[in-house]
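In: please find the sequence and the predicted model below.
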Amino acid sequence: MSKTSSLCYKHLWFLMPLLAVAGVVVFVGPKVSTFSSNSSYLLQDYLRTRFLNDAPLKYHNSNDSAKSFTINDGSNQKPVKNEDKYQNFTRTYSSLEMVEADLAQTRDAISQAKKGGNETRDPDPDYVPNGPMYWNPKVFHRSYLEMEKKMKVFVYEEGDPPVFHFGPCKHTYAIEGIFISNMEVSRFRTMDQDKAHLFFLPFSVTMITQVIYVKDSHEWGLMKNAASDYVNVIAQKHPYWNRSLGADHFMLACHDWGPEISFAVPNLYKNAIRALCNANTSERFNPSRDVSIPEIHLPGGTTQGIIGGPPPSKRPILVFYAGGVHGPIRPILLEHWENKTDPDVQIYKYLPKNMSYYGMMRKSRYCICPSGYEVASPRMVEGLYLGCVPVLIKDSYVIPFSDVLNWETFAVIVPVRDIPNLKKILTGISSKEYMKMQRRGIQMRRHFEINSPPKRYDVFHMILHSIWLRRLNIRLHENEYDH
């Protein structure tokens, strides 16, 4: 058994008879506090996505009238102490104020990197981001190093496997179980809630669909109750959800139903950070707050045998695709390109029995990654793994890590309306430009690889980094305090 698989099964001895879905837990009303994300000017240029036309992100302003303590995040900050002594009284700072002051210093460090400062601070022996594949490699590098140095995540311990603290580590939704298992033992995990920058809700939507959903019932109620009851328990036992209305909490789901289940808890989809494979802006995915994560298909639970491929000179096929007909885009693709006699264009509804799927990707220069029922597809990562330049044909999709990565430098993005011109578009890319894209894609592969244990800059750390950026992009404020 692989190390990755072992991580995912480490909780199995805890398995109890499946929990019956209980009545609704009484929700403890929060003491109203304000959170705002309009103060993120340091990251506005940085947090960008392919489908927002690089426009500055817009953020929700809380209309709450409660008085708040605002931490100054100007330059040249001094180390923060937990109390200031004045002539007549001692001002003691709360744990939240200390956390926010820490984050303010991080914002300042990132701002200095954006201006060209602190380049020699904290030299990185493993990897230094560089090249046009990054929107701003210096800013990314600084924010990543700041994450490694400072970020603390509290993982709630409530809940039992298989729905909580457990998830699949094989096949299409493997990233759910792999992330949950790694987060449980991560060096970023803290047991001190007062020092946490982020709080993780460790439930698996895939396991909710397997354990609680009644097959073919088309009934969402029990699954949604499982999520809402869990958040209610957290809110009742701990003060942190109510303190921020979920704004410093995050969930992760790769299953297609993740967004819908999150809608059961209004503050979960309105305020919290949702890390989702199904990053569809037409289904209320908000790229300024939510995180797009890659869907990674692991047939055996590891990447063994699915990474690496021949050089461009040994890829005789121009473009390849094989997949079922579902969703609005694939029928258009197959209508125009299936069963063509052109040997350069190998597009199939079903892969012929004498062909290897991964073998065909290794023989091809470009691999088509169209949306199906949902916008995400593992083909995008498979292309990077195997050295086949991804061709993304999607609508309303926020590409994973597009706040950091400039996908147009190592992938081809084709609008749905241009499917009839697919071959013309691809043959119009010069050999020199293709080889650049292919080489860059291989370099970017490190950000999508799964390792056990995780390695710096791999997919586990990139997901955390995207979540870290969203946390930096908000400020939480205390209620009016008593002297």
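Out: Okay, I see it. Numbering: from 1, shown residues only.

In: name the helices or strands packed onto the helix ranked longest in the chain?
Out: With secondary structure taken from DSSP state H, the chain has its longest helix at helix 95-114. Other helices and strands packing on helix 95-114, by 3 or more C-beta pairs under 8 Å, 6 or more residues apart in numbering; DSSP states H and E, are helix 137-150, helix 459-472, strand 475-476. All C-beta spots, glycine's among them, are computed from the backbone N, C-alpha and C.

In: mind putting these into a markdown table with distance to Val205, mean pLDDT and mean neighbour count?
Out: A markdown table is the format used below for these (distance: least, C-beta to C-beta, whole Å; pLDDT from 0 to 100; neighbours: other C-beta atoms under 10 Å):
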| stretch | distance to Val205 | mean pLDDT | mean neighbour count |
| --- | --- | --- | --- |
| helix 137-150 | 25 | 96 | 20 |
| helix 459-472 | 15 | 98 | 23 |
| strand 475-476 | 26 | 94 | 22 |
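
In: same list, the ones you listed, but as JSON lines with distance to Glu433 please.
Out: Formatted as JSON lines, the helices and strands packed on helix 95-114 follow (distance: least, C-beta to C-beta, whole Å):
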{"stretch": "helix 137-150", "distance to Glu433": "21"}
{"stretch": "helix 459-472", "distance to Glu433": "26"}
{"stretch": "strand 475-476", "distance to Glu433": "43"}
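
In: closest to Lys114 out of those?
Out: Between Lys114 and those, the shortest gap by C-beta to C-beta is with helix 137-150, which sits at 5.1 Å.

In: now that closest one, how far from the centre of its chain.
Out: Centroid displacement of helix 137-150 relative to its chain, using C-alpha atoms, centre = their mean, to the nearest Å, is 17 Å.

In: for stretch 468-478, same thing?
Out: Relative to the chain's own centre, stretch 468-478 is displaced by 17 Å; criterion: C-alpha atoms, centre = their mean.

In: how long is that stretch end to end?
Out: End-to-end span of stretch 468-478 (C-alpha to C-alpha, to the nearest Å): 21 Å.

In: what's the answer for stretch 421-439, then?
Out: For stretch 421-439, the first-to-last residue distance is 25 Å (C-alpha to C-alpha).

In: what segments of the chain are strands?
Out: Shown for the chain, the strands assigned by DSSP state E span residues 35-36, 83-85, 90-92, 153-155, 198-200, 249-253, 273-276, 291-292, 317-322, 345-348, 364-370, 389-393, 412-413, 475-476.

In: save those as JSON lines, and put in distance to Met147 too.
Out: Shown next, in JSON lines, are the strands of the chain (distance: least, C-beta to C-beta, whole Å):
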{"stretch": "strand 35-36", "distance to Met147": "21"}
{"stretch": "strand 83-85", "distance to Met147": "28"}
{"stretch": "strand 90-92", "distance to Met147": "28"}
{"stretch": "strand 153-155", "distance to Met147": "10"}
{"stretch": "strand 198-200", "distance to Met147": "11"}
{"stretch": "strand 249-253", "distance to Met147": "14"}
{"stretch": "strand 273-276", "distance to Met147": "14"}
{"stretch": "strand 291-292", "distance to Met147": "14"}
{"stretch": "strand 317-322", "distance to Met147": "36"}
{"stretch": "strand 345-348", "distance to Met147": "41"}
{"stretch": "strand 364-370", "distance to Met147": "29"}
{"stretch": "strand 389-393", "distance to Met147": "27"}
{"stretch": "strand 412-413", "distance to Met147": "28"}
{"stretch": "strand 475-476", "distance to Met147": "18"}
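
In: with respect to Asn267, which of these lies nearest?
Out: Between Asn267 and the strands of the chain, the tightest spacing by C-beta to C-beta is seen for strand 249-253, at 8.8 Å.

In: ok so, going back, Pro328 is nearest to which of the helices and strands packed on helix 95-114?
Out: Nearest to Pro328, of those and by C-beta to C-beta, is helix 459-472 at 27.6 Å.

In: and the closest one, what does it pack against?
Out: Taking 3+ C-beta pairs under 8 Å, 6+ apart as the contact cut, helix 459-472 packs with helix 95-114, helix 137-150, helix 174-184, strand 198-200, strand 249-253, strand 273-276, strand 291-292.
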